[in-house]
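Enquirer: Model the structure of this input:
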Amino acid sequence: MLGLSIFARAQNATPGAPPANILGVVTSPDGDVYEGAAVTLTLSGTSSAAPRTAITDSLGAFSFFDVPAGAFQLTVASRGFATQTASGVLHPGESYDAGSIVLPMAASTTDVRVTATQADIEVEQVHEEEHQRVLGLIPNFYVTYVPNAPPLTTKQKYMLALRSSVDPFTWLSTGAVAGYEQMENSFPGYGQGAQGYGKRFGAAYADGFIGNMLGGAVLPALFKQDPRYFYKGTGSTRSRVWYAIENAVVCRGDNGHTQFDYSGILGSLAAGGISNLYYPAGSRNGIGLTLEGTALGALGSAAGNLFQEFVAKRFTPKVTDYSVSKP
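Expert: Numbering: from 1, shown residues only. Reported below is the predicted structural model:
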């Protein structure tokens with residue numbers, strides 16, 4: 001293949017215009033996706049921005065965010081393949097679909113090198129999830145927008161749970177909960193004043209930390225299950241609603257199959273039982289209340305999944321979604 005052109009309507013860059021995004025996929029002439037190809041973005045015209053480079057992931061996909069409007073060129077290269085270029089014009093605020101860029105083998109060569117391993121892809125995937133925040137503030141770590149995302153390793157499950165537990169927003173929200181409990185005199189055995197607030201804060205934080213570690217790391221590692229919510233984003237509204245509700249009690253196993261969510265359900269039960277060790281004697285939950293709390297937790301999880309499916313993505317900046325292919 002001698003060259004590749006991407007056609008778009010021409011429009012000059014406007015100073016102060018909202019930035020845009022560029023998405024695309026690199027494939028072979030037979031339609032197979034290429035992982036590890038380097039895609040370089042060069043802006044034309046008066047832009048002084050330096051070239052930017054992205055590496056295609058396991059789906060062959062690449063993306064550039066916050067790109068100034070105007071003419072641009074994409075250069076796709078990988079050792080053993082013929083370099084390809086594609087150009088177009090980016091409109092202000094546009095999400096530009098570069099489509100499939102075909103990268104043929106270079107003539108007279110048999111040298112093929114894989115530049116990104118599966119482990120590299122998994123690390124980058126989790127790194128992206130750790131930067132997902134609703135409204136740029138609220139952690140949105142436990143959702144992936146890549147439908148065929150590889151399973152988390154045991155280490156990644158623990159790292160993600162710890163990252164969520166020590167996030168500044170977690171400390172702030174825990175402080176707010178403790179303040180409300182103090183105002184309402186919840187758990188009166190803790191008393192009032194700074195000491196009472198400290199005890200309430202410690203108990204609230206322990207609830208979240210234990211539940212997060214058990215349901216997000218310890219048990220998922222034991223049962224080989226993925227603690228994340230896999231965004232659907234396609235199909236009818238009814239099918240998406242059912243998918244979100246169903247995922248309150250089921251999850252994806254590390255083998256890719258849907259399973260009963262032993263990790264989440266047992267983690268909630270265990271966290272409720274452990275809380276009896278540090279709550280005041282008069283405020284400890286019996287087995288009935290622990291079961292009731294687990295059931296309410298499942299309902300809360302269903303509500304959270306519906307929020308993820310229909311709302312959160314819109315307010316989570318810089319999310320790459322490869323679940324939908326543009327025409």
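Enquirer: Which stretches in the stretch 151-300 of the chain count as helices?
Expert: Secondary structure of the stretch 151-300 of the chain (DSSP state H, counting those that start in this stretch): helices located at 154-165, 168-184, 193-213, 219-223, 237-246, 262-274, 287-310.
Enquirer: For the second one, list every residue counted as buried.
Expert: This points to helix 168-184. T170, S173, T174, V177, A178, E181, Q182 (16 or more other C-beta atoms under 10 Å). Backbone N, C-alpha and C define where each C-beta goes, glycine included.
Enquirer: And the pLDDT for the second one?
Expert: For S173, the pLDDT comes out at 94.
Enquirer: and it, how far is that from Y34?
Expert: Shown here: S173 relative to Y34, a distance of 42 Å by C-beta to C-beta, to the nearest Å.
Enquirer: The fourth one now?
Expert: Summarising the geometry, the distance separating V177 from Y34, computed by C-beta to C-beta, is 48 Å.
Enquirer: cool, and E184?
Expert: From E184 to Y34 the distance is 58 Å (C-beta to C-beta).
Enquirer: low pLDDT regions in the stretch 1-150 of the chain?
Expert: Residues of the stretch 1-150 of the chain meeting the criterion pLDDT under 70: 1-17, 45-48, 107-127.
Enquirer: can you do 80?
Expert: 1-18, 44-49, 80, 106-131, 147 (pLDDT under 80).
Enquirer: Over to the stretch 151-300 of the chain?
Expert: In the stretch 151-300 of the chain (pLDDT under 80), the answer is 276, 281-297.
Enquirer: The residue nearest to G253 when sequence neighbours are not counted pairs with what?
Expert: Spatial nearest neighbour of G253, excluding adjacent residues (C-beta to C-beta, 6 or more residues apart in numbering): Q259 at 4.5 Å. When assigned by DSSP bridges, Q259 has beta-bridge partners C251.
Enquirer: count of residues packed around Q259?
Expert: A count of nearby residues for Q259, using other C-beta atoms under 10 Å, gives 16.
Enquirer: quick one: Y34 and T56 touch, right?
Expert: Yes. Here Y34 reaches T56: they are 6.0 Å apart, a contact under C-beta atoms under 8 Å.
Enquirer: Look at the two and report which has more neighbours.
Expert: More crowded of Y34 and T56, by other C-beta under 10 Å: T56, with 27 against 19.
Enquirer: Could you pull up the residues touching the more buried one?
Expert: T56 makes contact with V25, V26, V33, Y34, E35, G36, A37, V39, F62, according to C-beta atoms under 8 Å, 6 or more residues apart in numbering.
Enquirer: which one of these is nearest L214?
Expert: E35 (34.4 Å; C-beta to C-beta).
Enquirer: tell me which element the closest one falls in.
Expert: Counting by DSSP states H and E, no helix or strand carries E35.
Enquirer: same thing with the one 5 residues further on?
Expert: If you go by DSSP H and E, T40 is part of strand 38-43.
Enquirer: which residues touch that strand?
Expert: 22, 24, 26, 49, 51-56, 62, 64, 67-68, 70-78, 101, 115.
Enquirer: Now, these that are in strands?
Expert: Under the assignment DSSP state E, the contacts of strand 38-43 contribute 22, 24, 26, 52-55, 62, 64, 67, 70-77, 101 to strands.
Enquirer: what's the spacing between V218 and L135?
Expert: 30 Å.
Enquirer: Among those two, which residue is more densely surrounded?
Expert: V218 (20 against 10).
Enquirer: Look up the closest residue to that one, ignoring the ones flanking it.
Expert: G267 is the one closest to V218 (C-beta to C-beta, 6+ apart), at 7.6 Å.
Enquirer: pretty sure the one you found contacts F209?
Expert: No. Using C-beta under 8 Å, G267 is not in contact with F209; the gap is 11.9 Å.
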